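[1] Mind looking at a prediction? Sequence and model below.
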Amino acid sequence: MSDKTASMLNKGGLKGKDDSATKSAKGRRVQFSREGPFESVMSDSPKSGGKGDFSKGGKGDKVSNGKKTSTSKESQPSEPKIGQELPENVKCLLDSEAADILQRIQDQMVMLSRDSSIKIPVSFDKGLQYAKSNSKYAKPEFVGQTLQHLAGYGVSDSEICVIGNACPETADEAYALVPSLKGKRSLNNEILQDALNELAKLRQPI
Amino acid sequence: MFFHIVLERNMQLHPRYFGRNLRDNLVSKLMKDVEGTCSGRHGFVVAVTGIENIGKGLIRDGTGFVTFPVKYQCVVFRPFKGEILEAVVTMVNKMGFFAEAGPVQIFVSNHLIPDDMEFQSGDIPNYTTSDGSVKIQKDSEVRLKIIGTRVDATEIFCIGTIKDDFLGVINDPTTV
């Protein structure tokens, strides 16, 4: 019995809580609707145009509120910045640089392979194969130098690396592939195009 | 993309490996342990390239095993959201296609394939434009953009898109 009553009480209590919550939510909504006109004036959003009806106004506000959060989300980079989740002490490698390193390791492995306990994992072969097939430059060390001066314009290491790997031909292409470049104020089409032209010269003829 | 990174790992070594070759044993065990593994933070460990330092060993109570903290450099491969990759198509079906970039699998859903490309079933399933000028089938090379990643204990799966400017087929096996 006592359990039941307790549970009922609980329920009641919960209900009461719920009610108060909804009430407070309503209260908040009303407050929002007060702010609404200002917002609608500022944002000129057609949906929050109040029709005099409070509840509708509230709803409209809710919508505009939702909009607001979505816009604020959009203002955060909707295209996530490449490499933002990178841990520290990391050096980005161009595919051609990686191919060099991995190839050297594989050459050593051939010598070590007499030791049967050392097996070359699948991911190594796949990685090497991928790096090789994607290495477009005969001399990757010059690529680094060519693109390094872009770093002076706020282009991050990982962005440089993506550009180096993708090897776009025009500045437009680079902007399309790496949208975060658009945010760099000091970087302009000419600088980027110059760097890309240099890059094209380094590219191995296919 | 590939990264060069310094990682740390505590290696447990059985006393039978102690002696003059302790360091060599430690390094070969490290390579066996970490190469080919995959972590969400760092991606695929493709190869160990060097040892930074090996700390002082600590004897474990009761077992005789000794734990050495080892700092090592390695090459890792990790895809990122927003990264541009050139991948090789491995399978095509009506849901989309799978492609492979190094050790990483990428799925491109048919929603993320340009609308003018239609699925064609048959011996060689493929996606083709209405005028037939562009075709995606097994072994095609495509340039795609990563829009999502999921990391497993041993694999990384990515979702990619080719529905954007400057993305799509770069190399058609039938024309080569």
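    That came through, no problem. Residues are numbered from 1 along each chain as shown, chains lettered A, B, ... in the order given.
[2] Need the mean per-residue confidence for stretch B:49-60.
    For stretch B:49-60, the mean pLDDT works out to 93.
[3] Enumerate the positions of it that are buried.
    Residues of stretch B:49-60 classed as buried under the neighbour-count rule (16 or more other CB atoms under 10 Å in any protein chain shown) are B:54, B:57. Glycine gets a C-beta too; all of them are placed from N, C-alpha and C.
[4] And stretch B:35-54, by the same measure?
    For stretch B:35-54, a neighbour-count test (16+ other CB under 10 Å) marks B:35-36, B:38, B:42-48, B:54 as buried.
[5] what about the nearest residue to residue A:100 once chain neighbours are set aside, neighbour count?
    Distance criterion CB to CB, 6 or more residues apart in numbering or on different chains; nearest residue to residue A:100, sequence neighbours excluded, is residue A:140 at 6.6 Å. A count of nearby residues for residue A:140, using other CB atoms under 10 Å in any protein chain shown, gives 19.
[6] With chain B as the reference, measure out to the residue lying closest to residue A:204 once chain neighbours are set aside.
    Of all residues not flanking residue A:204 in the chain, residue A:138 sits nearest, at 5.0 Å (CB to CB, 6+ apart). Distance, residue A:138 to chain B, by CB to the nearest CB, to the nearest Å: 18 Å.
[7] Can you say which helix or strand has residue B:61 in it?
    Under DSSP states H and E, no helix or strand contains residue B:61.
[8] Burial check on it, number of neighbours?
    Neighbour count for residue B:61, taken as other CB under 10 Å: 7.
[9] mind pulling up the phi and psi values for it?
    phi -60, psi 130 (degrees, to the nearest 10).
[10] again with residue B:158
    phi -130, psi 150.
[11] Please read off the pLDDT at it from the model.
    If you check residue B:158, the pLDDT there is 94.
[12] what's across from it in the sheet?
    Beta-bridge pairing for residue B:158 (DSSP bridges): residue B:106, residue B:149.
[13] need the residues of chain B near chain A, please.
    Proximity of chain B to chain A, by CB under 8 Å from any CB of the partner chain, involves residues B:1-6, B:28, B:31-32, B:35-36, B:38, B:41-42, B:44-47, B:49, B:75, B:77, B:80-86, B:88, B:100-103, B:143, B:145, B:164-167.
[14] tell me how far stretch B:131-147 is from the chain's mean position?
    20 Å (CA atoms, centre = their mean, to the nearest Å).
[15] got the buried residues for that stretch?
    Buried-residue list, stretch B:131-147, by 16+ other CB under 10 Å: B:134-138, B:140-147.
[16] Quickly note the distance from the closest residue to chain B within chain A to residue A:191.
    Residue nearest to chain B within chain A: residue A:121 (2.9 Å; CB to the nearest CB). For residue A:121, the distance to residue A:191 equals 42 Å [CB to CB, to the nearest Å].
[17] again with residue B:170
    Residue B:170 is 26 Å from residue A:191, by CB to CB.
[18] what's the answer for residue B:111, then?
    36 Å.
[19] neighbour count winner among those two?
    More crowded of residue B:111 and residue A:191, by other CB under 10 Å: residue A:191, with 17 against 10.
[20] what's the distance between the more buried one and residue A:148?
    From residue A:191 across to residue A:148, the span is 13 Å (CB to CB).
[21] Next: residue B:124.
    44 Å.
[22] repeat for residue B:160
    29 Å.
[23] Also residue B:70?
    32 Å.
[24] Have a look at those two and say which one is more surrounded.
    residue B:70 (22 against 13).
[25] give me every residue that touches the more buried one.
    If you count contacts by CB atoms under 8 Å, 6 or more residues apart in numbering or on different chains, residue B:70 has them with B:8-11, B:26, B:30, B:51, B:53-55.
[26] Helices along chain B, start to end?
    Ranges of helices in chain B, per DSSP state H, are B:22-34.
[27] okay, now the domains of it?
    B:2-77, B:84-171 (automatic domain parsing).
[28] Out of those domains, flag the one nearest residue A:162.
    Counting by CB to CB, residue A:162 lies closest to domain B:84-171 out of the domains of chain B; the figure is 5.6 Å.
[29] Give me the distance from that closest one to the chain's centre.
    Counting by CA atoms, centre = their mean, domain B:84-171 comes out at 16 Å from the chain centroid.
[30] count of neighbours near residue B:92?
    22.
[31] And it, what's its pLDDT?
    In this prediction residue B:92 is given a pLDDT of 95.
[32] right, and it touches residue B:135 too?
    No. Contact between residue B:92 and residue B:135 fails when scored by CB atoms under 8 Å: they sit 10.1 Å apart.
[33] tell me, what's touching the two both at once?
    Listed contacts common to residue B:92 and residue B:135 are B:126-127; contacts here mean CB under 8 Å, 6+ apart.
[34] Below-threshold pLDDT in chain A: ranges please.
    The model of chain A has pLDDT under 70 over residues A:1-88, A:112-119, A:205-206.
[35] Now do the strands in it.
    Applying DSSP state E to chain A gives strands spanning A:90-93.
[36] and the gap between the residue of chain A closest to chain B and residue B:110?
    33 Å.
[37] Please apply the same query to residue A:190.
    39 Å.
[38] Who has more neighbours out of these two?
    Neighbour count, other CB under 10 Å: between residue A:190 and residue B:110, residue B:110 has more, with 16 against 9.
[39] hang on, isn't the more buried one packed against residue B:96?
    Yes. Residue B:110 lies in contact with residue B:96 (CB under 8 Å); the separation is 4.6 Å.
[40] Quick check: closest non-adjacent residue to residue A:122.
    With CB to CB, 6+ apart, the residue lying closest to residue A:122 is residue B:36, at 6.6 Å.
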